[in-house]
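Asker: Next comes the sequence, and after it the predicted model I'd like to discuss.
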Amino acid sequence: ARNLRTAESIAAIATAPGRGGIGVVRVSGGQLAAFALALTGKQPTPRLAHFAKFLDAEGRPIDAGLMLFFPGPNSYTGEDVLELQGHGGPVVMRMLLSRCIELGARLARPGEFTERAFLNDKLDLAQAEAVADLIDADTSAAARSALRSLDGDFSRRVHDWRDKLVDLRMLVEATLDFPEEEIDFLRAARAFERLDVLGADLDALLLKAKQGSLLRSGLHVVLAGQPNVGKSSLLNRLSGEDRAIVTDVAGTTRDVLRETIQIEGIPLHIVDTAGLRDATDTVERIGIERSWKEIGRADVVLRLVDARAGIGAADHEIDARLPEGVPVIWVFNKIDLAGRSPARVDEEDGVEVFLSAATGEGIDLLRSELLRIAGWEAHGEEVFLARERHLEALREGRDRIAAALARAHEDALDLMAEELRLAQEAVNRITGEFGADDLLGVIFSRFCIGK
Ligand code: GDP
Ligand code: ZN
């Protein structure tokens, strides 16, 4: 075990609040067979569903349902786990939970079951995060990807890479003891070529992780253009059949301008620049400034123009305020009125797409252009639902490898060895094998209770 401090039993209602056919109270800890006996008057058989009455301290039934007993270490947490399935009413569930507390368990913190699974080596950190990602997944693509990480696909790739790096580190460190011919020794062992390959492997892993991160957090898109060029129409058209899941958060001025739609499972967070002008009152102006801040974080700008009019003087005012260095797709809308055909044209200042938001012609061209800019390549089953901290670790690993190679060219093999050590540490952070202590609280506190 990593360092499980206590066998203190914890309990929580694991099902969502409210009424349901079934509600589940989960208990994890040491010696739960005796706990089960006290609760039901029955000695539980491991991994067998028992129909039982859950009894209060006076022996009166609180509820009747199924009891499942998973003795550690073959359980979710690695400790004894008791699952009590009762009727899914809030009052019954609370009474059952209270009874478990009476029997010596304490209330579990959010994510504490999964945290124990991590501490007992049932899951590594990346897998534990995948549990939360699976529960939080907004699209089926994100859910599939999270499940793959939970299965350990991502962790295995990270481990493979780490093992190869360890081999190389041993080689480099061994040569440090023979200062005379160290470089020749490394050359003979093809250490530099192998390091190059490792760097490329890590890049490939980073790419897949980035894709997964895209599935998780999506792409920030700004719709910019003069009034009536068709921004709202385009938004509706793009959301298409996914319209049902469009979130339109009302409330503040800023939120009204945001919508989230999805293309191929990738969330697109769209900010409409409507209302960015003509600010008369202070509150509105603050909202507008916030919008511009968001626009500053855009990944893509959809720059709408009426295909009949083309780009005019009033457009320059908008363009002057758009963030620099952000890819722009010039959308020439209303081709049905301009008598043009759908098209995609490469131009120096961005790609031009000719379409009609009204008829839908050319929308596919825009969709694939958005996916292309997002860097979405259909890696299909290979994508890992990575988090920003995974990407950071992978990037650091890659940069350390590059630095190690540079050190080698300067004949500074001791510094090279140090870079390799740091590369390994960075990657170990993903699975929680290095420097995870401060992270644990942050990661697990974001889980729901009972998981
Ligand atoms: P916004 O102010 O930029 O959001 O523009 P809207 O989406 O509200 O559209 C302004 C007007 O143009 C509406 O009457 C739309 O129906 C119309 N419109 C938008 N796109 C097209 C298009 O591609 N073809 C045609 N014929 N009309 C369009
Ligand atoms: Zn509009």
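Answerer: All right, it came through fine. Residues are numbered from 1 along each chain as shown. Ligands and ions are numbered 1, 2, ... in the order given.
Asker: Every contact and neighbour count from this point should use C-alpha atoms.
Answerer: Noted.
Asker: So which elements touch whichever helix or strand D196 is part of?
Answerer: Per DSSP states H and E, D196 falls inside helix 191-217. With contacts defined as 3 or more Cα pairs under 8 Å, 6 or more residues apart in numbering; DSSP states H and E, helix 191-217 has these neighbours: helix 140-151, helix 153-175, strand 266-272, helix 388-409.
Asker: Which among the ones you listed is found nearest to ligand 1?
Answerer: strand 266-272 (8.2 Å; Cα to the nearest ligand atom).
Asker: Just the residues contacting that closest one, thanks.
Answerer: Identification of contacts with strand 266-272 by Cα atoms under 8 Å, 6 or more residues apart in numbering yields 214-224, 231-232, 257-262, 291, 294-295.
Asker: Tell me which of the residues you listed fall in helices.
Answerer: Secondary structure defined by DSSP state H assigns L214, L215, R216, S217, K231, S232, S291, E294, I295 of those to helices.
Asker: what's the spacing between the second one and A141?
Answerer: Here the distance between L215 and A141 works out to 7 Å (Cα to Cα, to the nearest Å).
Asker: and for these two, which residues touch both?
Answerer: In contact with both L215 and A141: G265, using Cα under 8 Å, 6+ apart.
Asker: Neighbour count for these two, which is higher?
Answerer: L215 (28 against 20; other Cα atoms under 10 Å).
Asker: dump the residue contacts of the more buried one.
Answerer: For L215, the contact set (Cα under 8 Å, 6+ apart) comprises A141, A142, G265, I266, P267, L385.
Asker: try 10 Å
Answerer: L215 sits next to 137-139, 141-143, 145, 209, 262, 264-268, 376, 383-386 when contact means Cα atoms under 10 Å, 6 or more residues apart in numbering.
Asker: next one: G350
Answerer: V326, P327, V328, I329, W330.
Asker: beta partners for it?
Answerer: For G350, the beta-bridge partners are E347 (DSSP bridges).
Asker: And it, how far from ligand 1?
Answerer: Distance of G350 to ligand 1, given as Cα to the nearest ligand atom, to the nearest Å: 20 Å.
Asker: Just the pLDDT for that residue.
Answerer: Note on G350: pLDDT of 82.
Asker: next one: the one 10 residues further on
Answerer: In this model, G360 is scored at 93, pLDDT.
Asker: of the ones in helices among the contacts of strand 266-272, closest to A412?
Answerer: Among the ones in helices among the contacts of strand 266-272, L214 lies closest to A412 (Cα to Cα), at 38.6 Å.
Asker: wait, doesn't the closest one sit right on A142?
Answerer: Yes: contact between L214 and A142 holds when scored by Cα atoms under 10 Å: they sit 9.4 Å apart.
Asker: Mind giving me the packing neighbours of the helix or strand harbouring L186?
Answerer: L186 is located in helix 182-188, with elements delineated by DSSP H and E. When contacts are defined as 3 or more Cα pairs under 10 Å, 6 or more residues apart in numbering; DSSP states H and E, helix 182-188 sits against helix 153-175, helix 191-217, helix 388-409.
Asker: could I get those as CSV with distance to G23 and mean pLDDT?
Answerer: Conversion of those to CSV gives the following (distance: least, Cα to Cα, whole Å; pLDDT from 0 to 100):
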stretch, distance to G23, mean pLDDT
helix 153-175, 32, 87
helix 191-217, 29, 85
helix 388-409, 34, 91
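Asker: Out of those, which is closest to L370?
Answerer: Closest among the helices and strands packed on helix 182-188, once you apply Cα to Cα, is helix 191-217, at 12.4 Å.
Asker: Flag every buried residue along that closest one.
Answerer: 191-192, 195, 198-199, 202-203, 205-217 (16 or more other Cα atoms under 10 Å).
Asker: Over to stretch 222-235?
Answerer: For stretch 222-235, a neighbour-count test (16+ other Cα under 10 Å) marks V222, L223, A224, G225, Q226, V229, G230, K231, L234, L235 as buried.
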